[in-house]
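Q: how does the following fold in three dimensions:
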Amino acid sequence: MERRTVADTIRKIIKGHLTHGNGLLLGESISAVGWVNNTVPGCQGIVELPMTDVAGAGIAVGTALVGRRPIFVIRFQDFLILNGSPLIFYAAKAKELHGTPAPIFVRAIASEGLGPVHSGVLHSIFMHFPGFKVCSPMTSKEYEEVWRVFMENDDPMIVSEHRRSYSNTDEMEDRLVDDADITLYAISSTRFEADKAGRMLEEKGVNCNIIHILWLKPFTITDRLAAPLAQSKLGMVLDSGHEIAGASQSIAYELNQFTGCRVKALGLLDKTKCLCPPLENKAPDAKRIHDAVLELLNEDRSKCKRGR
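A: Just a heads-up that it's a prediction; the model follows:
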């Protein structure tokens with residue numbers, strides 16, 4: 001049997017929602033440039049919005065208020081900024097303040113290598129505002145779980161997709177090893193790089209646990225997340241977005257407070273996400289993760305020696 005890609009899964013979910021679930025899909029240039037990386041089916045229920053990012057989210061929120069449970073596609077996650085006002089100040093507040101939910105499924109699509117205004121990963125911003133669920137699915141089963149949670153609840157959801165996931169056919173299982181020196185917690189596209197970094201570090205005699213994070217908000221620390229860190233004593237949270245005041249720092253803080261273990265954050269540097277040297281600023285790749293882990297381990301060993 002042919003293995004399903006994440007794009008296949010998204011397309012199947014959307015088709016069922018539009019043809020049998022009274023749903024709508026709204027977005028710009030849906031059919032014009034490849035049906036959003038082949039993740040949108042050609043069927044009824046699609047509303048092609050004009051190129052007015054500030055207005056599109058308002059239209060989508062309106063359809064949510066009348067019960068259509070819209071899927072709102074933002075082809076470049078940077079454009080969450082332009083579309084943010086109706087989402088933040090109405091969709092996320094309507095249930096709490098007015099008793100009227102606005103369940104909207106926001107497909108916010110991130111990428112690498114498309115320039116300083118088309119390659120952003122902005123899920124951290126929406127973790128800040130009350131009322132949203134925020135997640136970053138990278139596998140087919142994860143996407144199915146995210147959709148199930150959306151349909152079983154009436155909250156607006158920010159789904160931080162990444163184009164790197166669309167061709168993925170594998171489920172990404174946690175990797176636990178005996179006598180781990182560090183536990184890596186990976187979000188979004190860094191999940192693909194964490195595994196490569198783990199193999200590189202293993203060649204240096206460094207053992208890594210690798211834990212995959214789907215739900216950014218609510219972020220609930222379970223034994224699955226805490227036990228590996230309690231064993232390794234050191235952790236690192238990896239994210240494709242900016243590190244400062246971002247998901248990586250927030251989750252690192254939560255893990256530190258829960259376990260008392262030292263946890264570092266690793267994300268984009270605090271500069272514009274450009275493409276060309278010397279201004280290049282990419283999501284942490286395997287080499288940068290590898291180097292950051294070795295640096296953290298060396299720092300920890302130095303502190304242990306000083307403490308003797």
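Q: center of the chain - which residue?
A: Geometric centre of the chain, nearest residue: residue 136, 2.8 Å, by Cα atoms, centre = their mean.
Q: gap between that one and residue 262?
A: Residue 136 is 24 Å from residue 262, where distance means Cβ to Cβ, to the nearest Å. Every residue, glycine included, has its C-beta placed from N, CA and C.
Q: tell me which element the closest residue to the residue nearest to the centre of the chain other than its chain neighbours falls in.
A: Among residues not flanking residue 136 along the chain, residue 160 sits closest, at 4.2 Å (Cβ to Cβ, 6 or more residues apart in numbering). Element membership of residue 160, judged by DSSP states H and E, is strand 157-162.
Q: next one: that strand to chain centre, how far?
A: Centre-to-centre, strand 157-162 and its host chain are 6 Å apart (Cα atoms, centre = their mean, to the nearest Å).
Q: and for stretch 273-281?
A: Put simply, stretch 273-281 sits 22 Å off its chain's centre (Cα atoms, centre = their mean).
Q: ok, residues contacting that stretch?
A: With Cβ atoms under 8 Å, 6 or more residues apart in numbering as the test, stretch 273-281 has contacts from 113, 115-116, 119-120, 268-269, 271-272, 282.
Q: only the buried subset of those, as a ChimeraX command please.
A: With 16 or more other Cβ atoms under 10 Å as the criterion, this ChimeraX line picks the buried residues out of the contacts of stretch 273-281:
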select :119,120,268,282
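Q: could you export the contacts of stretch 273-281 as CSV, including distance to residue 44 and secondary structure?
A: Converted to CSV, those look like this (distance: Cβ to Cβ, whole Å; DSSP: H, G, I helix; E, B strand; the rest coil):
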residue, distance to residue 44, secondary structure
113, 34, coil
115, 34, coil
116, 37, coil
119, 33, coil
120, 32, coil
268, 40, strand
269, 45, coil
271, 45, coil
272, 41, coil
282, 40, coil
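Q: name the nearest of the contacts of stretch 273-281 relative to residue 45.
A: Nearest to residue 45 among the contacts of stretch 273-281: residue 120, at 28.3 Å, using Cβ to Cβ.
Q: residues touching that closest one, list them.
A: 76-78, 80, 110, 241, 273.
Q: just the ones of the residues you listed in helices?
A: residue 80 (DSSP state H).
Q: most neighbours, which of the contacts of residue 120?
A: Greatest neighbour count in those, by other Cβ atoms under 10 Å, goes to residue 110: 28 neighbours.
Q: surely that residue touches residue 138?
A: No: judged on Cβ atoms under 8 Å, residue 110 makes no contact with residue 138 at a distance of 11.1 Å.
Q: so what's the residue count around residue 27?
A: By the criterion of other Cβ under 10 Å, residue 27 has 22 neighbours.
Q: helices or strands up against the top helix by length along the chain?
A: When secondary structure is assigned using DSSP H, the longest helix within the chain turns out to be helix 286-307. If contacts are counted by 3 or more Cβ pairs under 8 Å, 6 or more residues apart in numbering; DSSP states H and E, helix 286-307 sits against strand 182-186, helix 190-203, strand 234-242, strand 262-268.
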